[in-house]
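Chemist: How does the following fold in three dimensions:
(one chain, ligands or ions: 1)
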Amino acid sequence: MPVSISEEVRLAYVLRHFWLTYPGAPQLSIGYADIQPQVEIAKVGTSFFATTAPYPAPPQWREWLGQQVPFFFDDAPAAPLLVLQENRAFISADIISAAFYLLSGWQEYFSTERDQHGRFPYAASVQQQYSFVALPVVNYYFDVLRAAVEHVSGQLLQPRRWGDQQAAFAAFISHDVDNLHSGWKAPAKAALQQRQLGRFGRLLWQHLTQPDAWDNLEAVAAQVAQYGGRSTFFILPNHCPASNGTPNADYRLTRRLEQRLEQLEYQGCETGLHGSLGTSISPGKLRSEIKRANLNTTGCRFHYLSWEPRLTPFIAFLRDFFSYDSTLCFAEYFGFRHSYCLPFYPFDFNVGQEVEFLEIPLNVMDATLHHPNYLQLAPAEILPALRPMFAKIKRFGGVASVLWHNQNFDPANTTNGPRQFHEIMAHLQHEGAAFRTGRDIWEEFTREPTPNS
Ligand SMILES: [Zn+2]
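Modeler: Next up, the predicted model:
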């Protein structure tokens, strides 16, 4: 059973992330009426957090920054959202409770819904129910708080900037390496089915004598480098399928592959662990995989985006071996699973406080965009669909996290392949993103802020 989460804990968790969003903001008092704060928030959510219900009452929609935004825990929708008085401000929706609810992943912890891979399904989420998955709602709440703090302090707050060039947002480009040797299979199978035996023979000969089209890590890194980016490769060190037959890697982590990865690291790329099926719920499996793999890694992403909200964040080995994870995204839809576009510290409901490894949430996976079980966007629809999401990440100084599997750099993939990837990269570059590896983002985000002068 989870411990009860006090009002002080919820407030501290939310405000910690607010200060991380606006480093250098003046630390004035923010809270509910009982502490007579300078920025007072209406208290609405208290009774909800004494329950184990996964979903709160439906949100009220209010306009902020020209955008309709859902406000949970808002029982005065007719009142103005932000009331500015002399030396103080009042916010009439309980944005602390609402931010805690979304950022902590409360719905996933208390819902029992899981899909066939053990994941919390998008279909069971408030993001799906109220259609706001592509909106970083918590960042909008923080922007209301920003306006209140600016009024009371008389100082302008600047959102986080990234890198030496002080870019308005960062981009994290990663590749889950599930397959290196299977690119020949689909065309060979098609040739057989069409009884094109000559073509089949040529493909088989190529397969036996030449590197596979998916054995392309160096080429992938070179394509990302065209935009000033450096790839993060999440390596899957388990080639045995899971007990239900779901595949893990189609390759083995050989000494030769390790050497290639070392060479890529030398060029500025990063190697992370792609935890195989089962490791997200088993500390023993994760530990032995880490030991066996012997990779130089600070980051983790689980294969199939596996994540059990009641177990995974609390696996001690995540904290002991990794500085960050980057699994949290809905496989079914791009956007913001925790309604937040910056890195954050996952909340541990078992002990009632946040864990000290960083989650760099994933925003979009290539497979989500075109897959029988997910979306079926046409190639020309992909970038237009993603552009508004990237614009919001830029507005709030966040991280645009893009997963493009190395196998989808195969020119034979014309639906969610290299061409669509390059369109996304050109867009991010044009918008001024600072391309960073996960490790860079972790280092920059956890560095002590310089005091506001
Ligand atoms: Zn994978």
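Chemist: only C-alpha atoms for contact and neighbour calcs from this point on.
Modeler: Noted.
Chemist: What does the residue located most distally from the centre of the chain show for phi and psi?
Modeler: Relative to the C-alpha centroid of the chain, counting by Cα atoms, centre = their mean, Gly198 is the outermost residue, at 45.5 Å. When read as degrees, to the nearest 10, the backbone of Gly198 gives phi -60, psi -40.
Chemist: how far away is it from Ser182?
Modeler: 20 Å (Cα to Cα, to the nearest Å).
Chemist: ok, now which ones touch Val402?
Modeler: Contact analysis of Val402 by Cα atoms under 8 Å, 6 or more residues apart in numbering lists Ala171, Phe172, Ile173, Ser174, Leu362, Asn363, Val364, Met365, Asp366.
Chemist: Look up how far Leu28 lies from the fifth one.
Modeler: Between Leu362 and Leu28 the distance is 32 Å, computed by Cα to Cα.
Chemist: the more surrounded of these two?
Modeler: Counting neighbours by other Cα atoms under 10 Å for Leu362 and for Leu28 shows that Leu362 has the greater number, 29 against 11.
Chemist: I'd assumed Trp404 was in contact with the more buried one.
Modeler: No - contact criterion Cα atoms under 8 Å: Leu362 and Trp404 do not qualify, at 11.2 Å.
Chemist: Please report phi then psi for Thr446.
Modeler: phi -90, psi 0.
Chemist: Could you number the chain from 35 rather than 1 from now on?
Modeler: Got it, first residue is 35 now, which makes that one Thr480.
Chemist: hmm, back to that, from the contacts of Val436, which single one is nearest the ion?
Modeler: Met399 (10.6 Å; Cα to the ion).
Chemist: Who does the closest one form a beta bridge with?
Modeler: Leu437 (DSSP bridges).
Chemist: Check the gap between it and Phe364 for me.
Modeler: Distance from Met399 to Phe364, by Cα to Cα: 9 Å.
Chemist: Then Asn213?
Modeler: 22 Å.
Chemist: next structured bit after the longest strand along the chain?
Modeler: Selection of the longest strand in the chain by residue count, based on DSSP state E, yields strand 204-211. The helix or strand immediately downstream of strand 204-211 is helix 219-227, counting by DSSP states H and E.
Chemist: If you count neighbours, what's buried in that next one?
Modeler: Neighbour-count burial for helix 219-227, counted by 16 or more other Cα atoms under 10 Å, picks out Ala222, Ala225.
Chemist: and it, what does it pack onto?
Modeler: In terms of contacts (3 or more Cα pairs under 8 Å, 6 or more residues apart in numbering; DSSP states H and E), helix 219-227 is packed against helix 231-243.
Chemist: quick one: low-confidence parts of this protein?
Modeler: Low-confidence segments of the chain, defined by pLDDT under 70: 35-36, 350-351, 483-487.
Chemist: In it, where's the longest helix?
Modeler: If each helix of the chain is counted by residues according to DSSP state H, the longest one is helix 171-187.
Chemist: what about dumping the CA coordinates of it to PDB?
Modeler: Taking only C-alpha atoms (Å, rounded to 0.1, in the frame of the first residue of the first chain), the coordinates of helix 171-187 have been written out as PDB:
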ATOM      1  CA  VAL A 171      -0.400  21.100 -19.300                       C
ATOM      2  CA  VAL A 172       1.900  21.200 -16.200                       C
ATOM      3  CA  ASN A 173       4.000  23.800 -18.000                       C
ATOM      4  CA  TYR A 174       0.900  25.900 -18.600                       C
ATOM      5  CA  TYR A 175       0.200  25.700 -14.900                       C
ATOM      6  CA  PHE A 176       3.700  26.800 -14.200                       C
ATOM      7  CA  ASP A 177       3.300  29.700 -16.500                       C
ATOM      8  CA  VAL A 178       0.300  30.900 -14.500                       C
ATOM      9  CA  LEU A 179       2.600  30.600 -11.400                       C
ATOM     10  CA  ARG A 180       5.300  32.500 -13.300                       C
ATOM     11  CA  ALA A 181       3.000  35.400 -14.000                       C
ATOM     12  CA  ALA A 182       2.000  35.500 -10.300                       C
ATOM     13  CA  VAL A 183       5.700  35.400  -9.100                       C
ATOM     14  CA  GLU A 184       6.600  38.100 -11.600                       C
ATOM     15  CA  HIS A 185       3.900  40.300 -10.300                       C
ATOM     16  CA  VAL A 186       4.800  39.900  -6.600                       C
ATOM     17  CA  SER A 187       8.600  40.000  -7.100                       C
END
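Chemist: Show residues contacting it.
Modeler: The contact list for helix 171-187, computed with Cα under 8 Å, 6+ apart, reads 52, 60, 62, 72-73, 98, 103-104, 116, 118, 120-124, 129, 132-133, 136-137, 189-191, 373-375, 430.
Chemist: And the buried ones among those, selectable in ChimeraX?
Modeler: Listed next is the ChimeraX selection for buried residues among the contacts of helix 171-187, using 16+ other Cα under 10 Å:
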select :52,60,72,73,103,104,116,122,123,124,129,132,133,136,137,191,373,374,375,430
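Chemist: hmm, back to that, show me the common contact partners of Met399 and Phe364, please.
Modeler: Residues touching both Met399 and Phe364 (Cα under 8 Å, 6+ apart): there are none.
Chemist: Name the residues of the stretch 335-484 of the chain found near the ion, please.
Modeler: Taking Cα under 5 Å from the ion as the contact definition, the stretch 335-484 of the chain meets the ion at His337.
Chemist: What of the stretch 85-234 of the chain?
Modeler: Asp212.
Chemist: If we use 8 Å, what do you get?
Modeler: Asp210, Val211, Asp212 (Cα under 8 Å from the ion).
Chemist: what pairs with the second one across the strands?
Modeler: The reference is to Val211. Beta-bridge pairing for Val211 (DSSP bridges): Ile269.
Chemist: so what's the residue of the stretch 35-184 of the chain found nearest the ion up against?
Modeler: Using Cα to the ion, His151 is the residue of the stretch 35-184 of the chain that sits closest to the ion, at 12.4 Å. Neighbouring residues of His151 by Cα under 8 Å, 6+ apart: Tyr338, Ser340.
Chemist: Then Gln293 would be within a strand, right?
Modeler: No - under DSSP: H, G, I helix; E, B strand; the rest coil, Gln293 sits outside any strand and is assigned helix.
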